[in-house]
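Novice: model this:
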Amino acid sequence: MSRDRTVFLRHVLQCLERIDTYTANGKQAFMDDAKTQDAVIRNLEIIGQAVKDLGTDDLCVRHPAIPWRQIAGLRNVLAHQYLGVDLALVWQVVEDHLSELRQAVATELSSITPKG
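Specialist: Now for the predicted structure:
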């Protein structure tokens, strides 16, 4: 896989867009549908891995309000503790934290993507 930061950042944005689509019908629809849960969890795993692959040291400096290490760590929780995934916690992540992550990733992309 390429070590180009833009690849990882674009993957994160793509996953965020998918999660938005999958959760557009709200919390109850998410809680009632195992396929939606699986899709959201998978995309959160990808986000966590992409953040891990990016490295978090410089991201933490530029965007200290984003819990980069916890995002990377969430991937491990979701992948390895699959029998005990707390769906309420997953929903809280979706509802409360992804918009800030999207903004930080978009800022990162705009700073390294040539304009013009």
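Novice: Could you find the residue nearest the spatial middle of the chain?
Specialist: Per CA atoms, centre = their mean, the C-alpha nearest to the average position across the chain is that of Ile47, at 3.8 Å.
Novice: OK, contacts around it?
Specialist: Going by CB atoms under 8 Å, 6 or more residues apart in numbering, Ile47 touches 11-12, 15-16, 71, 75, 101. For the C-beta atoms, the positions are set from N, CA and C on the backbone; glycine is no exception.
Novice: cutoff 7 Å now
Specialist: Neighbour list for Ile47: 12, 15, 71 [criterion: CB atoms under 7 Å, 6 or more residues apart in numbering].
Novice: Please tabulate those residues in CSV and include neighbour count and secondary structure as additional columns.
Specialist: Output for those, formatted as CSV (neighbours: other CB atoms under 10 Å; DSSP: H, G, I helix; E, B strand; the rest coil):
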residue, neighbour count, secondary structure
Val12, 27, helix
Cys15, 23, helix
Ile71, 22, helix
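Novice: So which bits of the helix or strand of the chain with the lowest mean pLDDT are buried?
Specialist: Every helix and strand of the chain was ranked by mean pLDDT, DSSP states H and E. The lowest is helix 57-62, at a mean of 83. Residues of helix 57-62 classed as buried by neighbour count (16 or more other CB atoms under 10 Å): Leu59.
Novice: Sounds good, over and out.
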